[in-house]
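**Q** Sharing a sequence plus its predicted fold:
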Amino acid sequence: MRRYILRRLLQFVPSLLLITFIVFALMHAVPGDPARMMLGAGESLDEAQLASIRREYSLDKPLPVQYVLWLGRAVSGDLGRSTTTQRKVADEIGLRAVVTFELGLFAWLISAAISIPAGIASAVYRGRAPDIVGTALAVGAVAMPGFWFGIMLILLFGVRLGWLPTQGYIAIATDPLDALRHMLLPALALGITSAALVMRQMRSALLEVLALDYIRTARAKGLAQRAVVLGHALRNAMLPVITVMGLEIGRIFAGAVVIETLFGIPGMGRLMVQAVFQRDFTVVQGGVLVMAIAVLAVNFVTDLLYAVLDPRIRYDA
Amino acid sequence: MPSADTFLGQLLRSPRALFGLAVLAVVVLCAIFADALMPYDTEEMDFDRLLEATSAAHLLGTDQLGRDTLSRLILGSQVAMQVSCGAVGIGVAIGIPLGLVSAMRGGWIDDIIMRVMDAIVVFPSLLVAVALAAALGNSLGTVILAIGIANVPWLARITRGQALSLRELDFVAAAEVAGTTRLRVMQRHILPNSLAPLIVQTTLGMGYAVLTEAALGFIGVGVQPPTPTWGTMLQQAFPLLERQPMLSIVPGVAIFILVLAFNLLGDALRDLLDPRLRGLASARAAT
């Protein structure tokens, strides 16, 4: 087991390096002078100023050297400064990441709270009304843009019924109840696609397990349906579901870019979208880097968790 | 591939495939014959009829400038088709050759290609699009490129997996023993027999591309006005949600129906093509 973890960790490092390289390359794919870009739009382009920026960010050095220097700074937490606000990108992202994390976690929990019971019901009542309705809803939810579902939620609960706020963000520490009220619609919009995908996975995994011999044995023993499903089948069926739920975290992070814009939530996604409009490339670069690393780390942990939970995994493979 | 007529016959007997193909036919026809089908010019403003709901003159209503929603929806189908075909096209053009090379060459080439694919998978297409929009500016080309890049690793992985299992089969080994060149083995034997899962994946990928384009259009990072796209229509409609909800409902329903069509067609294709794949797996176990 320890060797398996070590192996995975060794694979993690090159992936991490590759990701940083892709992000770095992206910045240098930009046509034009990177020094001018760092000055930001509409600023005076004084040659001495440009030269000092080139020195400060080593833009006068060969690209591989620049990459190593940039990586070194990134590792020590220096992602440069925003060209519009001049604030440190790492600080800015740190502030915003907390908001995105809160939203993402809430969306993920809602998605789990909907999908797991729905998937179980769908498998247990296979071919009957709950299954048909649940599966149809899931197929529909996957085909629907999450943000459009959000717009429809705003229309129903905000505009028509006036039950819930549809814009803004309240920190959970300030007023937990109000924070949850503000978070409910965005988290639902963000989690709906994942809920549908996890539900389908839950359904098929449980159906597969329910067809196995040990379940027939449990039933033959006279165990009640509830005990068979929850006590015996669910444990084994959860394995592939956990993998999908882990991978869905990546989708949720990416989806936050749109959902935060829709609901006016000051998270990382909104920061990046605003930065695109202001041509603030350092912020976009830092945001993409942090999000990609987060997704990679989550996938890595999901992999490990799966190995820990499934004794059939060959650790030496 | 199963023989053409039985395959098509079976496909047309599946209600899901039928729905998918019918919707796709309508959208493709709308995109091709947009000019003839649009009841109004997309920029024509009718100031007597601002933010109208359905009426005989404007079946799907009008926007804040009195522009006809149905006409804009029809023209928007062009971008939807361009993005889905273009993005999947990039994925196919880069991903399939990479997957084939990876499987056939093996060794360190395989390692490097697959590690790079693993790294690209970590970047969701939405994120790539945001980054590319910052670097290259917002345009149709940027959107297609970003979604296309995100498609590459999936297609490369599937192609590689198929090629690796096919390579073990007798008929491929026979071709190799007979002195057929590697390129020819790929062309004649590996690629045609790998098509089934690739067709399924590209169909699903097209639906996903439509969803991503809509999201990008909505946050304003996608195709720029005046070209109407379903995503930008939603963006412009959102501030007017209280005054005219129709404007926000119509493009969303259009996106939903098109993506549903791609997904159901993909599911039907998978069901139809899968038995052959299972046969393949058992044939492999027997050798």
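**A** Arrived safely.

**Q** so what pLDDT did B:S71 get?
**A** Per-residue confidence (pLDDT) for B:S71: 86.

**Q** typo on my end, it should be A:D78
**A** Note for A:D78: predicted pLDDT of 82.

**Q** what's the closest non-adjacent residue to it?
**A** A:A90 (6.5 Å; C-beta to C-beta, 6 or more residues apart in numbering or on different chains). Backbone N, C-alpha and C define where each C-beta goes, glycine included.

**Q** Share the number of residues neighbouring the one you found, please.
**A** By other C-beta atoms under 10 Å in any protein chain shown, 18 other residues sit near A:A90.

**Q** separation between it and A:G287?
**A** According to C-beta to C-beta, to the nearest Å, A:A90 stands 11 Å off from A:G287.

**Q** How about the contacts made by the residue nearest to A:D78?
**A** A:G77, A:D78, A:L79, A:G286 (C-beta atoms under 8 Å, 6 or more residues apart in numbering or on different chains).

**Q** same thing with A:G222?
**A** Contacts of A:G222 by C-beta under 8 Å, 6+ apart: none found.

**Q** Can you classify it by secondary structure?
**A** Here A:G222 is recorded as coil under DSSP: H, G, I helix; E, B strand; the rest coil.

**Q** thinking again about what came up before, now that we have the contacts of A:A90, which one has the most neighbours?
**A** Greatest neighbour count in the contacts of A:A90, by other C-beta under 10 Å, goes to A:G286: 26 neighbours.

**Q** That one belongs to a helix?
**A** Yes. Secondary structure assignment places A:G286 in a helix (three-state DSSP).

**Q** Check which residues of the helix or strand containing the residue nearest to A:D78 are buried.
**A** Taking DSSP states H and E as the criterion, A:A90 maps to helix A:89-124. For helix A:89-124, burial by neighbour count (16 or more other C-beta atoms under 10 Å in any protein chain shown) applies to A:89-90, A:92-93, A:96-97, A:99-100, A:102-104, A:106-108, A:110-112, A:114-116, A:118-124.

**Q** What of stretch B:128-144?
**A** Within stretch B:128-144, the residues that count as buried by 16+ other C-beta under 10 Å are B:128-136, B:138, B:140, B:142-144.

**Q** same check, this time on stretch B:12-28
**A** Buried-residue list, stretch B:12-28, by 16+ other C-beta under 10 Å: B:S14, B:R16, B:A17, B:F19, B:G20, B:L21, B:V23, B:L24, B:V27.

**Q** Any stretches of chain A with poor pLDDT?
**A** Flagging of chain A using pLDDT under 70 yields the residue ranges A:29-45, A:57, A:311-317.

**Q** Nearest to chain B: which residue in it?
**A** A:A254 (3.3 Å; C-beta to the nearest C-beta).

**Q** Please list all residues in contact with the residue nearest to that residue when sequence neighbours are not counted.
**A** Excluding its sequence neighbours, the residue lying closest to A:A254 (C-beta to C-beta, 6+ apart) is B:P124, at 3.3 Å. When contacts are counted by C-beta under 8 Å, 6+ apart, B:P124 touches A:G250, A:R251, A:F253, A:A254, A:V295, B:A150.

**Q** tally of neighbours for residue 47?
**A** You didn't pick a chain, so chain A it is. 7.

**Q** Hmm, no, I was thinking of chain B.
**A** Neighbours of B:F47 using other C-beta under 10 Å come to 8.

**Q** Mind checking what secondary structure it has?
**A** Using three-state DSSP, the structure places B:F47 in coil.

**Q** And the closest residue to chain A within the stretch 101-250 of chain B, its phi and psi?
**A** Going by C-beta to the nearest C-beta, chain A is nearest to B:P124 of the stretch 101-250 of chain B, at 3.3 Å. Main-chain dihedrals, B:P124, degrees, to the nearest 10: phi -60, psi 150.

**Q** ok so, going back, the residue nearest to A:A254 and B:W230: what is the separation?
**A** Taken as C-beta to C-beta, the span from B:P124 to B:W230 is 20 Å.

**Q** One more: A:L212?
**A** 45 Å.

**Q** And those two? Which one has more around it.
**A** Shown here are A:L212 and B:W230; by other C-beta under 10 Å, B:W230 has more neighbours (26 against 13).

**Q** Verify the contact between the more buried one and B:G217 for me.
**A** Yes. Counting by C-beta atoms under 8 Å, B:W230 touches B:G217, with 7.0 Å between them.

**Q** element containing the one residue sitting closest to the centre of chain A?
**A** In chain A, the centroid-proximal residue (C-alpha atoms, centre = their mean) is A:F253; its distance is 2.5 Å. In this structure, A:F253 sits in helix A:234-263 according to DSSP H and E.

**Q** Check which element follows that helix along the chain.
**A** Next along the chain after helix A:234-263, taking DSSP H and E as the criterion, comes helix A:268-277.

**Q** Please list the residues of the stretch 101-250 of chain B that sit near chain A.
**A** Within the stretch 101-250 of chain B, the positions adjacent to chain A are B:115-116, B:118-120, B:122-127, B:130-136, B:138, B:207, B:211, B:214-215, B:218-221, B:234, B:238, B:241-242, B:245, B:248-249 by C-beta under 8 Å from any C-beta of the partner chain.

**Q** out of those residues, which are buried?
**A** Buried members of those, counted by 16+ other C-beta under 10 Å: B:116, B:118-120, B:122-127, B:130-136, B:138, B:207, B:211, B:214-215, B:218-221, B:234, B:238, B:241, B:245, B:248-249.

**Q** Which of those residues fall in helices?
**A** B:116, B:118-120, B:125-127, B:130-136, B:207, B:211, B:214-215, B:218-219, B:234, B:248-249 (DSSP state H).

**Q** who in the stretch 1-150 of chain A is up against chain B?
**A** Residues of the stretch 1-150 of chain A lying near chain B (C-beta under 8 Å from any C-beta): A:14-15, A:18-19, A:22-23, A:26-27, A:29-31, A:139-140, A:142-148.

**Q** Geometric centre of chain B: which residue is closest?
**A** Short answer for chain B (C-alpha atoms, centre = their mean): B:M206, at 1.1 Å.

**Q** Tell me the spacing between that one and A:A254.
**A** From B:M206 across to A:A254, the span is 19 Å (C-beta to C-beta).

**Q** CA atoms of stretch B:151-159 as PDB?
**A** C-alpha atoms of stretch B:151-159 as PDB (Å, rounded to 0.1, in the frame of the first residue of the first chain):
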ATOM      1  CA  ASN B 151     -11.700  16.900 -26.800                       C
ATOM      2  CA  VAL B 152      -8.200  15.700 -27.900                       C
ATOM      3  CA  PRO B 153      -7.300  13.600 -24.800                       C
ATOM      4  CA  TRP B 154     -10.600  11.700 -24.700                       C
ATOM      5  CA  LEU B 155     -10.300  10.700 -28.300                       C
ATOM      6  CA  ALA B 156      -6.600   9.900 -28.000                       C
ATOM      7  CA  ARG B 157      -7.300   7.600 -25.000                       C
ATOM      8  CA  ILE B 158     -10.100   5.700 -26.700                       C
ATOM      9  CA  THR B 159      -8.200   5.300 -29.900                       C
END
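
**Q** and that stretch, how far out from the chain's middle?
**A** 14 Å (C-alpha atoms, centre = their mean, to the nearest Å).

**Q** Residues contacting that stretch, please?
**A** B:87-88, B:90-92, B:94-96, B:98-100, B:102-103, B:113-114, B:117-118, B:120-121, B:125, B:194, B:197-198, B:201-202, B:205, B:209.

**Q** Ok, stretch B:25-36 next?
**A** Under the contact criterion C-beta under 8 Å, 6+ apart, stretch B:25-36 has outside partners B:L37, B:I74, B:L75, B:S77, B:Q78, B:A80, B:M81, B:L258, B:A261.

**Q** Distance check, the residue lying closest to the last one once chain neighbours are set aside against chain A.
**A** Nearest residue to B:A261, sequence neighbours excluded (C-beta to C-beta, 6+ apart): B:V23, at 3.5 Å. Relative to chain A, B:V23 is positioned 11 Å away (C-beta to the nearest C-beta, to the nearest Å).
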